[in-house]
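Engineer: I would like the atomic coordinates for the input below:
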Amino acid sequence: MTADKTIAVRNPRTGTVDTHITPTSPAQVEIITARLRDGQRDWLNGGIGARIDAMHRWKQAILSQKSVLVDAITHDTGRERESELEVLGVVGMIDRWCKQAPGILRDGEPQDTSVPFINVRSQYVPYALVGVISPWNFPLLLSLIDAVPALLAGCAVIVKPSEVTPRFIEPLQETINAVPELADVLAFAMGDGETGQAMIAQVDSIAFTGSVETGRKVGASAAKYFIPAFLELGGKDAAIVLESADIDYASSAILWGATSNAGQACQSIERIYVQDTVYEAFVDTLSMKAQRVRLTVEGGPIGPIIAEDQVRIIEAHLKNALVQGAKATCGGQIEIHDGGAYCRPTVLIDVEHSMDVMTDETFGPILPVMPFSTYDEAVSLANDTRYGLSSAVFGADEEALAVARQLEAGAVSINDASLTAIIYDGEKMSFKMSGLGGSRMGESAIKRFVRTKALIHKQGDMDDPWWYADAKRNRDSN
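Structural biologist: Just a heads-up that it's a prediction; the model follows:
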């Protein structure tokens with residue numbers, strides 16, 4: 001990486017480059033990580049109480065800079081409502097982990113073993129330095145969703161957010177600097193894949209959120225350095241609508257699950273399978289509701305497509321489907337407004353699994369709808385994918401639950417959509433190519449950042465070493 005290299009940053013609302021960033025070089029990454037390792041020792045030794053106190057002070061600093069952070073994220077992403085929710089989501093996340101961490105990380109009490117005079121207890125030892133590589137769709141929230149529990153576990157953390165949305169880093173850094181002990185163990189590095197690769201070479205574990213293709217590279221690099229990788233990758237979430245479902249409710253929930261953040265979320269609904277007896281009614285209802293949803297430039301909720309590369313992917317998926325015979329009941333194309341690229345909610349019918357829009361991650365507000373006749377067919381269609389992040393089922397409770405149990409996905413929302421965006425309590429693990437490593441959700445998520453040590457304690461005046469005393473006696477007698 002040359003010293004004068006810069007990366008152009010596009011404004012998603014105008015489609016023009018309005019700023020540049022200078023990547024953190026591999027040499028700078030090495031200096032930063034050495035500093036973080038030094039700070040981690042005091043951070044850990046200070047105890048969980050001191051860490052919680054620091055995190056609460058950081059939360060207050062974030063709240064004091066809320067408007068500035070929201071403005072920066074809005075500039076990064078082009079949308080407003082979700083930007084405010086991101087900041088509030090981080091505040092809630094800090095509160096939740098501060099409350100849960102002490103009980104989860106408490107060293108275990110001595111436990112008896114199969115040998116009467118030996119007991120065992122556990123000790124949690126954090127990875128000294130955790131690396132986080134995060135994406136552009138929720139730049140603040142996803143840069144901290146792994147960092148917050150790792151910090152409370154006693155780790156130091158270095159984060160490389162996406163180069164597509166870097167503007168939030170500067171105001172966030174001000175909040176970090178307001179808590180000196182936190183500044184000693186949390187740092188951000190700007191750059192692209194080259195910076196990320198340099199970071200992996202310096203950390204003890206890596207948490208990555210992004211595409212399957214990049215996740216493969218991160219996993220390979222982690223294997224090279226023999227460090228654990230926690231990979232949260234793409235999705236192609238299916239929604240199944242059974243004959244027993246409330247069509248009005250299901251269509252509204254699925255529309256939200258498919259178009260929130262303009263469909264730019266890993267847990268977005270990207271495929272819809274509807275029982276043939278209610279298929280036409282569902283399509284009519286969904287299309288009517290989708291037609292009413294407006295773009296942000298019209299005062300509505302649908303913001304621009306954030307990344308320029310994603311515009312091309314959405315265009316390619318739509319073209320591939322329409323050429324093969326799919327029909328759009330609403331939407332159906334990328335629109336340019338004041339230079340920004342937008343996509344209205346698009347309902348597609350006459351779709352098949354030969355189309356990219358049914359098999360590859362689209363990451364846009366596209367809702368392809370396909371009929372099925374039997375539950376077995378619905379399950380087969382939903383499972384016909386390389387992804388297994390999450391999904392949804394709508395119908396009478398017991399029927400929906402029976403179908404949900406057969407789906408190859410890490411989480412299934414029943415009679416709602418995309419619940420993993422707001423419910424963090426349930427432990428889940430990604431299936432297939434959607435991820436690798438422990439659950440990001442649930443209380444156990446923090447344990448990804450610690451190793452468990454067994455302290456095996458012999459007590460009493462037994463022959464030492466007791467475990468070969470019999471062998472010794474047998475040898476002496478011979």
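
Engineer: CA atoms for contacts and neighbours, from now on please.
Structural biologist: Noted.

Engineer: what's the distance between the longest helix along the chain and the middle of its chain?
Structural biologist: For the chain, the helix with the greatest residue count under DSSP state H is helix 81-105. Between the centre of helix 81-105 and the centre of its host chain there is 14 Å, according to C-alpha atoms, centre = their mean, to the nearest Å.

Engineer: same deal with stretch 218-233?
Structural biologist: Relative to where its chain is centred, stretch 218-233 has its mean C-alpha point 16 Å off (C-alpha atoms, centre = their mean).

Engineer: How about it, which residues are buried there?
Structural biologist: Buried residues in stretch 218-233, counting neighbours by 16 or more other C-alpha atoms under 10 Å, are found at 218-219, 221-222, 228-233.

Engineer: Could you give the separation between the terminal residues of that stretch?
Structural biologist: Taking C-alpha to C-alpha, to the nearest Å as the measure, stretch 218-233 stretches 11 Å from start to finish.

Engineer: do stretch 331-341 as well
Structural biologist: According to C-alpha to C-alpha, stretch 331-341 extends 14 Å from its N-terminal end residue to its C-terminal end residue.

Engineer: how far out from the middle of the chain is it?
Structural biologist: Once both centres are worked out by C-alpha atoms, centre = their mean, stretch 331-341 turns out to sit 27 Å from its chain's centre.

Engineer: Would you mind giving the domain segments of this protein?
Structural biologist: The record's domain parsing of the chain by automatic domain parsing lists 7-233+434-456, 237-425.

Engineer: Switch the ones you listed over to a markdown table; also include mean pLDDT and distance to Met462.
Structural biologist: Converted to a markdown table, these look like this (pLDDT from 0 to 100; distance: least, C-alpha to C-alpha, whole Å):
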| stretch | mean pLDDT | distance to Met462 |
| --- | --- | --- |
| domain 7-233+434-456 | 97 | 8 |
| domain 237-425 | 98 | 47 |
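
Engineer: Gly331 is in contact with Cys343, isn't it?
Structural biologist: Yes. Counting by C-alpha atoms under 8 Å, a contact exists between Gly331 and Cys343, whose distance comes to 7.3 Å.

Engineer: For the stretch 151-300 of the chain, which segments are assigned as strands?
Structural biologist: Assigned by DSSP state E, counting those that start in this stretch, the stretch 151-300 of the chain shows strands spanning 156-160, 186-188, 205-209, 229-232, 237-241, 269-275.

Engineer: Which elements pack onto the fourth one?
Structural biologist: When contacts are defined as 3 or more C-alpha pairs under 8 Å, 6 or more residues apart in numbering; DSSP states H and E, strand 229-232 sits against strand 205-209, helix 212-224, strand 435-436.

Engineer: Go through those and name the closest to Ser122.
Structural biologist: With C-alpha to C-alpha as the criterion, Ser122 lies closest to strand 205-209 of the helices and strands packed on strand 229-232, at 20.9 Å.

Engineer: Okay, buried residues for the strand or helix carrying Ala400 please.
Structural biologist: Applying DSSP states H and E as the criterion places Ala400 in helix 397-404. Neighbour counts using 16+ other C-alpha under 10 Å place 399-401, 403-404 of helix 397-404 among the buried residues.

Engineer: will you turn those into a markdown table that also has distance to Thr374?
Structural biologist: Supplementary listing: these in a markdown table, determined by distance: C-alpha to C-alpha, whole Å:
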| residue | distance to Thr374 |
| --- | --- |
| Glu399 | 12 |
| Ala400 | 13 |
| Leu401 | 15 |
| Val403 | 11 |
| Ala404 | 14 |
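
Engineer: and which of those is nearest to Ala72?
Structural biologist: When the buried residues of helix 397-404 are compared for distance to Ala72, the smallest value, 39.4 Å, is given by Ala404; criterion: C-alpha to C-alpha.

Engineer: Can you verify my assumption that the closest one contacts Ile414?
Structural biologist: Yes. Between Ala404 and Ile414 there is a contact at 7.5 Å, judged by C-alpha under 8 Å.

Engineer: Find residues that contact each of the two.
Structural biologist: Shared between the contact lists of Ala404 and Ile414 (criterion: C-alpha atoms under 8 Å, 6 or more residues apart in numbering) are residues 392-393.

Engineer: Next, the contact list for Lys428, please.
Structural biologist: Lys428 makes contact with 410-411, 439-442, according to C-alpha under 8 Å, 6+ apart.

Engineer: circling back to that earlier point, pick the most deeply packed of the strands of the stretch 151-300 of the chain.
Structural biologist: Ranked by average neighbour count under the criterion mean count of other C-alpha atoms under 10 Å, the strands of the stretch 151-300 of the chain are headed by strand 237-241 at a mean of 31.

Engineer: just the angle between that one and strand 269-275, please?
Structural biologist: Between the axis of strand 237-241 and that of strand 269-275 there is an angle of 20 degrees, by axes from the mean of the first three to the mean of the last three C-alpha atoms, to 10 degrees.

Engineer: for the helices and strands packed on strand 229-232, which one sits closest to Glu298?
Structural biologist: For the helices and strands packed on strand 229-232, distance to Glu298 was read as C-alpha to C-alpha. The smallest value, 31.8 Å, belongs to strand 205-209.

Engineer: Could you list the residues in contact with the closest one?
Structural biologist: For strand 205-209, with C-alpha under 8 Å, 6+ apart as the criterion, the contacting residues are 127, 129-135, 142, 146, 200, 215, 218, 222, 227-233, 449.

Engineer: elements contacting the helix holding Ala400?
Structural biologist: Under the contact criterion of 3+ C-alpha pairs under 8 Å, 6+ apart, helix 397-404 touches strand 390-394, strand 411-414.

Engineer: picking that back up, taking the buried residues of helix 397-404, tell me the two that lie furthest apart.
Structural biologist: So for those, where distance means C-alpha to C-alpha, the most widely separated pair is Glu399 and Ala404, at 8.6 Å.

Engineer: can you confirm Ile306 is in a helix?
Structural biologist: No. If the criterion is DSSP: H, G, I helix; E, B strand; the rest coil, then Ile306 is coil and not within a helix.

Engineer: check contacts around it.
Structural biologist: Contact criterion C-alpha under 8 Å, 6+ apart gives 12, 76-78, 136-137 as the residues in contact with Ile306.

Engineer: If you rank these by neighbours, which is first?
Structural biologist: Neighbour counts for these peak at Thr77, which has 28 neighbours (criterion: other C-alpha atoms under 10 Å).

Engineer: Now do the contacts for that residue.
Structural biologist: For Thr77, the contacting residues are 11-12, 136-137, 165, 304, 306, taking C-alpha under 8 Å, 6+ apart as the criterion.

Engineer: any chance of these in CSV, with distance to Val159 too?
Structural biologist: Below are the contacts of Thr77 laid out as CSV (distance: C-alpha to C-alpha, whole Å):
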residue, distance to Val159
Asn11, 22
Pro12, 23
Trp136, 13
Asn137, 16
Thr165, 13
Pro304, 26
Ile306, 21
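
Engineer: next one: stretch 151-170 to chain centre, how far?
Structural biologist: Mean C-alpha position of stretch 151-170 versus that of the full chain (C-alpha atoms, centre = their mean) differs by 14 Å.
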